[in-house]
Each structure stands twice: as C-alpha cells, then as structure tokens.
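Peer 1: Generate a structure from the sequence data that follows.
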Amino acid sequence: MSALTRKAPRGFTLIELLVVIAIVGILSLICYPAISRLVPNQRVSSEAKQVDAVMQKARLRAATAQRPVRVVLNCSASPCWVELQAAVYTLASVTSWAAEPGSRHFFAEGVAIANWSADYEFDGASAAPLGVRYAIFMPDSRVFSDPRPFDLFFYHGTQTEPDKNGWRLTVGSDSGRVNTRRETLTVASTPPGPPIP
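Peer 2: Next up, the predicted model:
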C-alpha cells in the first residue's frame, strides 16, 4: 500500500441516523408544550402593555394640555379595540370626544378580557354600553371610570378553567394610578366577573 493512499471517509450508518432522528423527536415532544404556550402568552402580554401605554399617554396628555383625555376600551364587537380621545369644549363644558387620529388599536386574535371583579358600580347616571369601558383622565391627575372599578384581566382565550395566566390592568379611581402586573387567576378561589363580550 502506498504512503500517499488515503482512507475514504466513513459515512453515517442507518442505525446512527435513526438514533439521531429518535432523539430529535423526543426533544420536540418535551419542548412542544412550553413553546406552544410561549406565543399566546407573549401576545396577551403585548396587548395588556399596549393598553397600559395608552393609559399612561392619556394621563400625561391630560396633565400637559390641561384638558380631560378619555381612553375607550370597546369589546362590544370582535376584535376588541382601544382608542385615545380628547375632550371637545363648548364654553366651559365638555360636549363630545374626538378620537385622536391613528390611535385606535385592535387586539390580536385569541386575546380575551374578563372583569376581575363582579362588583358593578357605576360613575354617573348611566352605565357604559355592554362591553365598553371608559377611563377619563383629568388634568389634576384624578381619573373617573365607567363602569367602576376599571379592573380587567387579559388572558388567552384558549386557556381552560380553573387556572388562567395573564395580565391584570387596574386604574385607580382617585389618584389616576395605572398598573399592569402578571398574575395567575384561580377561578375557583377568585372568580372574575363575566367576560366582556
């Protein structure tokens, strides 16, 4: 045999390929549940934070412009949407609300919203239409909401009872405070109000 002759590289055997495929399959089965939950949870988180950002923007705008600013969350139709509205004055009173152009944001598919509490108290003489929430931010950092309290839970609609993981958004009725935080809702112990249609 010549010293210059090289041995041809050996390829993978069928057994080795089948073992690798089996390992990849097992790892996929183990990881799939976690990955399949990741995207919906990220979507819910994004939508809750979007509403929080709109609330913070409204609060800041009311303080800088010295005019009331309203946030409307409408789930009377699908999909839900949130919008920023400015007060329109005639003399000294608010006569209507004008939507800020380009401020309407439609929620992603699959995001569900429920009332955290079944407490139905209202500010003002008339209740908001079914599935509609208002938060009015005042220049002096107070906020009024209808219905009161403005306390919502964002979760993915495919989640089953009794556990739901999602984001709770609350608006303080006196201080104008807006808060979002990640929570797990155990329906058996802390039932939310009826879902917003």
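Peer 1: alpha carbons only for contacts and neighbour counts from here, please
Peer 2: Will do.
Peer 1: And for Gln42, the neighbour number?
Peer 2: Using other Cα atoms under 10 Å, Gln42 has 12 neighbouring residues.
Peer 1: Looks to me like it is in a strand.
Peer 2: No: residue state for Gln42 (DSSP: H, G, I helix; E, B strand; the rest coil) corresponds to helix; a strand is not indicated.
Peer 1: For it, give me its contacts.
Peer 2: Gln42 makes contact with no residue, according to Cα atoms under 8 Å, 6 or more residues apart in numbering.
Peer 1: Pull up the gap between it and Tyr32, please.
Peer 2: According to Cα to Cα, to the nearest Å, Gln42 and Tyr32 sit 16 Å apart.
Peer 1: Also Asp146?
Peer 2: 42 Å.
Peer 1: In terms of neighbours, single out the busier of those two.
Peer 2: Asp146 (21 against 11).
Peer 1: Against Thr170, how distant is the residue nearest the centre of the chain?
Peer 2: Centroid-nearest residue in the chain: Ala48, 2.5 Å away (criterion: Cα atoms, centre = their mean). As judged by Cα to Cα, Ala48 and Thr170 stand 11 Å apart.
Peer 1: what is in contact with these two at once?
Peer 2: Thr180.
Peer 1: mean confidence score for stretch 58-70?
Peer 2: Stretch 58-70 shows an average pLDDT of 89 in the prediction.
Peer 1: Would you mind listing the buried residues in that stretch?
Peer 2: 58-63, 67-70 (16 or more other Cα atoms under 10 Å).
Peer 1: repeat for stretch 85-92
Peer 2: Here stretch 85-92 shows 85-87 as buried, counting by 16+ other Cα under 10 Å.
Peer 1: Give me the distance between that stretch and the centre of its chain.
Peer 2: 30 Å (Cα atoms, centre = their mean, to the nearest Å).
Peer 1: Need the contact partners of it.
Peer 2: Contacts for stretch 85-92 (Cα under 8 Å, 6+ apart): 67-72, 94-100.
Peer 1: Of the residues you listed, just say which sits nearest to Ser28.
Peer 2: Val72 (42.7 Å; Cα to Cα).
Peer 1: Name the nearest residue to that closest one, ignoring sequence neighbours.
Peer 2: Tyr134 (4.8 Å; Cα to Cα, 6 or more residues apart in numbering).
Peer 1: how much space is there between Asp146 and Phe137?
Peer 2: Relative to Phe137, Asp146 is positioned 12 Å away (Cα to Cα).
Peer 1: Give the pairing partners of the helix or strand hosting Arg182; include direction for each.
Peer 2: For Arg182, the host element (DSSP states H and E) is strand 178-186. Applying DSSP bridges, strand 178-186 is found paired with strand 163-171 (antiparallel).
Peer 1: Buried ones in the partner strand, by neighbour count?
Peer 2: Within strand 163-171, the residues that count as buried by 16+ other Cα under 10 Å are 164-171.
Peer 1: ok, Met55 to Asp146 distance?
Peer 2: Counting by Cα to Cα - Met55 and Asp146 are separated by 15 Å.
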